[in-house]
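Participant: next input, structure requested:
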Amino acid sequence: MCSLIGIDVPLVQTGMGWVAGVSLASATSNAGGLGILASATMDFAQLRHAVTATKARTAKPFGVNLRADSPDVGDRVKLLIDEGVRVASFAQAPKEQLITKLHDGGVLVIPSIGAKRHAEKVLEWGVDAVLVQGGEGGGHTGSVPTTILLPQVVDAVAGRVPVIAAGGFFDGRGLVAALAYGASGIAMGTRFLLTSDSAVPQSVKNFYLAKTVTDTTVSKQVDGVPHRVLRTDLVDHLESGGGRIVALPRAAANALKFRRLTGTSLRAMLTEGLAMRRSGGLTFAQMMMAANTPMLLKAALVDGNVASGVMASGQVVGVIDDLPSVAELIERIVSDAVAVLDRLTERG
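Facilitator: Numbers count the residues shown, from 1 in each chain. Below is the predicted model of the structure:
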């Protein structure tokens, strides 16, 4: 993985919407890992600025997380190629034609997957690595724990491409465990969110730090599909069904706000929403909530309003109690991993 991407340590910072900006991505890359910009919450001009600003802060490889179904994904792919971005990551696997275009431009393709069959499919399409997230991870997630899913995917891939493990990782012990399972490295979201280089408001970070391992829940009421988030009064209200009467009009209003922020046309949003409804079996209300989700996340992670926002989080939130710099975090993880390996070698 390190040789493929050109990084020093097998650590990836995931492309979290509203969180993974220039500061976090460049700090991760400068510390030897792979920083990834989250572009789903950026319009094209913002993405172009973010790429330029990241290149100004680091000469090391970084990536950009893209939505394969974005209406302007072709323009975004061209930008990555023109700017020499090393990695394009995807929450949902892109089609073969898009992978080919990125490869022709010298960009590596790393999709996130949540099942063995997904790994087998994208492998046929020629991806360069896969990021596999177990159910402990934050944001959109599956139900299979990392310790079960990871070895399944490693066996399915059979060494043909690197496997990056995500979901439940936060320290050097986890890195060694992932390597023991056959992964080539780990990816982390919540752990990188809770660093001093993260632009998330301090009050929100403090809110995260106060949580335990049982203070997250997987809800379908946020956007119609399983989404691991921090438990809050708002989330509990939605889960109980009490928020459904007001959820639809609020979702419609927030969807329009998101459209103005990102420059997405109303036609494109409706087309995407209807496609989600067909493929995911969503109700109309769930479809509207899916469009609403970016604004719920922004309310907390950007505006600092934990009462009316939604905060994606992995279960590891309950074992994190500090806010190191990214450089300090990566140095700690690597040194701890080396210490663990040394102890295992001594015992052997």
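
Participant: what comes into contact with the biggest helix by length in the chain?
Facilitator: The helix that spans the most residues within the chain, counting by DSSP state H, is helix 326-347. If you take CB atoms under 8 Å, 6 or more residues apart in numbering as the criterion, helix 326-347 is touched by 9, 11, 13, 24, 27-28, 30-33, 171-173, 175-176, 191-192, 195-197, 324. Quick note: C-beta positions are derived from backbone N, CA and C, even for glycine.

Participant: next, count neighbours for Thr147.
Facilitator: 15 (other CB atoms under 10 Å).

Participant: in which helix or strand would I find it?
Facilitator: Assigned by DSSP states H and E, Thr147 belongs to helix 146-157.

Participant: can you check Gln92 too?
Facilitator: Counting by DSSP H and E, Gln92 is part of no helix or strand.

Participant: any idea how far the longest helix of the chain is from the chain center?
Facilitator: Offset of helix 326-347 from its chain centre (CA atoms, centre = their mean, to the nearest Å): 24 Å.

Participant: low-confidence ranges in the stretch 1-150 of the chain?
Facilitator: Residue ranges of the stretch 1-150 of the chain with pLDDT under 70: none are present.

Participant: swap in the stretch 151-300 of the chain?
Facilitator: 241-292.

Participant: run through the strands of the chain in chain order.
Facilitator: Here the chain has its strands, by DSSP state E, at 11-13, 35-38, 62-66, 87-90, 108-113, 130-133, 139-140, 163-166, 185-188, 216-219, 227-230.

Participant: distance of the residue found closest to His118 once you drop the neighbours it is linked to in the chain relative to Val200?
Facilitator: Distances taken as CB to CB, 6 or more residues apart in numbering place Ala93 nearest to His118, at 7.0 Å, with adjacent residues excluded. For Ala93, the distance to Val200 (CB to CB, to the nearest Å) stands at 28 Å.

Participant: what's the burial count for Ala50?
Facilitator: Ala50 has 20 nearby residues by other CB under 10 Å.

Participant: kindly report the same for the one 10 residues further on.
Facilitator: Residues contacting Lys60 under the criterion other CB under 10 Å number 20.

Participant: Arg67 too?
Facilitator: A count of nearby residues for Arg67, using other CB under 10 Å, gives 17.

Participant: please identify the buried residues of stretch 204-219?
Facilitator: Under the neighbour-count criterion of 16 or more other CB atoms under 10 Å, stretch 204-219 has Val204, Lys205, Phe207, Tyr208, Lys211, Thr216, Thr217, Val218, Ser219 buried.

Participant: if we can go back for a sec, pull out the buried positions in the helix holding Thr147.
Facilitator: Here helix 146-157 shows Thr146, Leu149, Leu150, Pro151, Gln152, Val153, Val154, Ala156, Val157 as buried, counting by 16+ other CB under 10 Å.

Participant: so what touches that helix?
Facilitator: The contact list for helix 146-157, computed with CB under 8 Å, 6+ apart, reads 113-116, 119-120, 123, 130, 132-137, 142, 163, 165-169, 178, 181-183.

Participant: end-to-end on stretch 188-199?
Facilitator: 16 Å (CA to CA, to the nearest Å).

Participant: from the chain's centre, how far out does stretch 197-213 sit?
Facilitator: That offset, for stretch 197-213, works out to 17 Å (CA atoms, centre = their mean).

Participant: end-to-end on that stretch?
Facilitator: Across its full length, stretch 197-213 reaches 23 Å end to end, with CA to CA as the criterion.

Participant: please apply the same query to stretch 145-165.
Facilitator: End-to-end distance of stretch 145-165 (CA to CA): 11 Å.

Participant: then stretch 37-47?
Facilitator: Terminal residues of stretch 37-47 lie 9 Å apart, using CA to CA.

Participant: do the same with stretch 148-166
Facilitator: End residues of stretch 148-166 are separated by 12 Å (CA to CA).

Participant: how about the helices in the stretch 201-348 of the chain?
Facilitator: Using DSSP state H, counting those that start in this stretch, the helices of the stretch 201-348 of the chain run over residues 202-209, 233-240, 244-262, 266-280, 284-301, 326-347.

Participant: neighbours around Asp236, how many?
Facilitator: If we define neighbours as other CB under 10 Å, then Asp236 has 14 of them.

Participant: an error on my part: the question was meant for Leu4.
Facilitator: Leu4: 15 surrounding residues under other CB under 10 Å.

Participant: for it, give me its contacts.
Facilitator: By CB under 8 Å, 6+ apart, Leu4 lies in contact with Leu108, Asp128, Ala129, Pro162.

Participant: could you export the residues you listed as TSV, including distance to Cys2 and neighbour count?
Facilitator: Shown next, in TSV, are the contacts of Leu4 (distance: CB to CB, whole Å; neighbours: other CB atoms under 10 Å):
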residue	distance to Cys2	neighbour count
Leu108	13	20
Asp128	13	19
Ala129	11	22
Pro162	9	20
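
Participant: and which of those is nearest Pro61?
Facilitator: Of all the contacts of Leu4, Pro61 sits closest to Leu108, with 9.0 Å by CB to CB.

Participant: which non-adjacent residue is nearest the closest one?
Facilitator: Nearest to Leu108 is Asp128, by CB to CB, 6+ apart, at 4.3 Å.
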